[in-house]
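Q: Pasting the sequence and the predicted model now:
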Amino acid sequence: MPLKEWYKEWFSSPYYDILYYKRNEQEASAFIQLLLSNLNAPKESFMLDVACGKGRHSRILAAMGYDVTGIDRFDRQALVPRFLFDQRWKCLLGVQT
């Protein structure tokens, strides 16, 4: 029996949001602060957010002055209003491998 490609439906299912309901801007900011404290990345660094989802981490990095590109295979994130992002954040949705 072939394995079902579960990931094609999982990220757009209601269960995804139920599981990750506590994942918010505060949690993302704390994670980014911890990550940057270990990276010591200069402000002029380019950041790539792979599997960017709705862009929580990308938006925080962009607000801190980093040039960020987010990529994601799924376009469910297209529902996120584009006006939330400035020119420092670019999102490429539907990227196929």
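A: Good, I have the coordinates.

Q: what's the pLDDT at residue 83?
A: We note a pLDDT of 38 for residue 83 in this prediction.

Q: What helices and strands are in contact with the strand or helix carrying residue 35?
A: Per DSSP states H and E, residue 35 falls inside helix 25-39. Helix 25-39 sits against helix 56-63, with contacts defined as 3 or more Cβ pairs under 8 Å, 6 or more residues apart in numbering; DSSP states H and E. From N, CA and C alone the C-beta is placed, and that goes for glycine too.

Q: What is the burial count for the closest residue to residue 10 other than its chain neighbours?
A: Once its chain neighbours are removed from consideration, residue 10 has its nearest residue in residue 16; the separation is 6.1 Å (Cβ to Cβ, 6 or more residues apart in numbering). By the criterion of other Cβ atoms under 10 Å, residue 16 has 14 neighbours.

Q: just checking, residue 16 touches residue 7?
A: No. With contact defined as Cβ atoms under 8 Å, residue 16 does not count as touching residue 7 (10.5 Å).

Q: got any ranges where this protein has weak pLDDT?
A: Counting by pLDDT under 70, the chain shows low-confidence ranges at 1, 74-97.

Q: residue boundaries of the helices in it?
A: Listed in chain order, the helices of the chain (DSSP state H) span residues 7-10, 14-19, 25-39, 56-63.

Q: And for the shortest one, what's in contact with it?
A: It stands for helix 7-10. Around helix 7-10, the neighbours that count as contacts under Cβ atoms under 8 Å, 6 or more residues apart in numbering are residue 16.

Q: Return the alpha-carbon coordinates of it using PDB.
A: Provided in PDB are the C-alpha atoms of helix 7-10 (Å, rounded to 0.1, in the frame of the first residue of the first chain):
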ATOM      1  CA  TYR A   7       1.700  16.800   4.400                       C
ATOM      2  CA  LYS A   8      -0.300  18.000   1.300                       C
ATOM      3  CA  GLU A   9      -3.400  18.300   3.400                       C
ATOM      4  CA  TRP A  10      -2.100  18.700   7.000                       C
END
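
Q: Please state the offset of it from the chain centre?
A: Here helix 7-10 is found 17 Å from its chain centre; the criterion is Cα atoms, centre = their mean, to the nearest Å.
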